[in-house]
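> Show me how the following folds:
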Amino acid sequence: MAKVALKDVSRYYGNTSAIADISLTIEDGQFCVLVGRSGCGKSTLLRTIAGLEAVSQGSIYINDRRVNDLPARNRDVAMVFQNYALYPHFTVAENLGFGLKMRKTDKKTINQQVKTIAQSLGIAHLLQRKPKQLSGGQQQRVALGRAIIRQPQAFLLDEPLSNLDTQLREETRAELKRLHQELKITTIYVTHDQVEAMTLAEKLVVLDEGKIQQIGSPEEVYNNPANMMVAGFLGNPPMNLIKAQYQDGELQIGKQTVSIPENLNNHQLSHQNKVYLGIRPEAISDISSSEMPDMAKLTLQIELIEPLGRETLLRGKIPETEEVINFFVSGTWSGKPKDQLTVAVDLKQVFIFNEINGERIV
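Residues are numbered from 1 along each chain as shown. So this is what the prediction gives:
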């Protein structure tokens, strides 16, 4: 196990920057998730740590050892890709034990470790099969087992679950979490799936356009987004971001006015005019709650109704604007598209962002 540290790391392709000035420390035994939209640089960053991409500038340390000039095979890390890359002519047992065989480990030790890993991953009954005889989930477990059996200093996983169906992803995700809690190996995991990011991460790193936008625990990043990019990325559905005009403690949204509580009406906000109001779907409720303190009313015209079983997702447009808000109501909603609905917004759970640079104001 090892601490992984990056200091001012950049990677350029000609004049194009894939990642820029990345400084990040993943502590020994920590599970760190790199998350962001496609093309944000997360896979490039992982590949530079692995040694599969050269660093254009900056330094990478594994266990306090600078590894910039070390080839991938000498960095003592194990990487699992979206493509499982199993040897098709080997059995599962041979795939699992291949790395140990290359290290000249004796056959008895290889067999013992293969059986132990296979049992922990629930694939002991598959040891004599070949990859083409396995399901996608089984192949993924073999790929994970092949990485684990090496006992590397760090695991690097690049969207390893993206080829699995929904149920299998959930099962394998839970298995990954259990294995990390058991093995405590430093893990760096790349995904664009925010559910994976929120459920697996101890440290969450949000990237956009090759730069770190925010670092923190999943709860910290979700509850206190640094900017509109982070706010609009995390959450399903993500935070509603609504254009508004601020003046004298009030927000004007179309022809509707929302009064800002004193705790939000700070000096920095008083210098703003055009802003974005950020509202999580869970901060919106039906009008029966509107008599509670710190609640504001908004009238919407319902555009879309999506029944989800125990709740219904509604999408409503604010009249006189192009702004759309997503929110949930319990159970089945009896209305129909084009109906008007007045909702309550919990102002304790809203955010205000600078329209120009997207940075959070309050």
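
> so what's residue 286 scoring on pLDDT?
Model confidence at residue 286, given as pLDDT, is 80.

> So it sits against residue 329, correct?
Yes - in this structure, residue 286 is within contact of residue 329 by Cβ atoms under 8 Å, at 6.2 Å. Quick note: C-beta positions are derived from backbone N, CA and C, even for glycine.

> quick one, which of those two is more surrounded?
Taking other Cβ atoms under 10 Å, residue 286 and residue 329 do not tie; residue 329 has more neighbours (18 against 14).

> Run through the bridge partners of the more buried one.
residue 312 (DSSP bridges).

> From residue 39, how far out is it?
35 Å (Cβ to Cβ, to the nearest Å).

> what comes into contact with the helix or strand of the chain with the lowest mean pLDDT?
Every helix and strand in the chain was compared by mean pLDDT, DSSP states H and E; the lowest is helix 267-270, with a mean of 72. Residues from elsewhere that reach helix 267-270, judged by Cβ atoms under 8 Å, 6 or more residues apart in numbering: 246, 260, 275, 352, 361-362.

> Go again with 7 Å.
Applying Cβ atoms under 7 Å, 6 or more residues apart in numbering, the external contacts of helix 267-270 come out as 246, 352, 361-362.

> can you tell me which two in these are farthest apart?
By the measure Cβ to Cβ, 246 and 362 form the most distant pair in the contacts of helix 267-270, at 10.6 Å.

> ok, these two, which is more surrounded?
Comparing residue 246 with residue 362 by neighbour count (other Cβ under 10 Å), the higher total belongs to residue 246, at 22 against 16.

> wait, doesn't the more buried one sit right on residue 276?
No - taking contacts as Cβ atoms under 7 Å, residue 246 lies outside contact range of residue 276: 10.3 Å.

> I'd say residue 68 and residue 58 touch.
No - look at residue 68 against residue 58 with Cβ under 7 Å: they stay out of range, at 8.3 Å.

> more crowded one of those two?
Just comparing residue 68 and residue 58: by other Cβ under 10 Å the higher neighbour count belongs to residue 58, 18 against 14.

> so what's the more buried one up against?
6-10.

> how does it look with 10 Å?
6-11, 19-23, 48, 68 (Cβ atoms under 10 Å, 6 or more residues apart in numbering).

> any residues in contact with both of residue 286 and residue 329?
Common neighbours of residue 286 and residue 329 (Cβ under 10 Å, 6+ apart) are 341, 343.

> Give me the distance from the longest helix seen in the chain to the chain's centre.
The longest helix of the chain (DSSP state H) is helix 166-183. Helix 166-183 sits 15 Å away from the centroid of its parent chain (Cα atoms, centre = their mean, to the nearest Å).

> same for that helix, what does it pack against?
The contact analysis (3 or more Cβ pairs under 10 Å, 6 or more residues apart in numbering; DSSP states H and E) places helix 166-183 against strand 31-35, helix 107-120, helix 136-148, strand 154-158, strand 186-191, helix 194-200.

> Export these as JSON lines, with columns for distance to residue 235, mean pLDDT and mean neighbour count.
Below are these laid out as JSON lines (distance: least, Cβ to Cβ, whole Å; pLDDT from 0 to 100; neighbours: other Cβ atoms under 10 Å):
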{"stretch": "strand 31-35", "distance to residue 235": "12", "mean pLDDT": "98", "mean neighbour count": "25"}
{"stretch": "helix 107-120", "distance to residue 235": "34", "mean pLDDT": "92", "mean neighbour count": "15"}
{"stretch": "helix 136-148", "distance to residue 235": "27", "mean pLDDT": "88", "mean neighbour count": "22"}
{"stretch": "strand 154-158", "distance to residue 235": "23", "mean pLDDT": "94", "mean neighbour count": "24"}
{"stretch": "strand 186-191", "distance to residue 235": "15", "mean pLDDT": "96", "mean neighbour count": "25"}
{"stretch": "helix 194-200", "distance to residue 235": "7", "mean pLDDT": "93", "mean neighbour count": "20"}
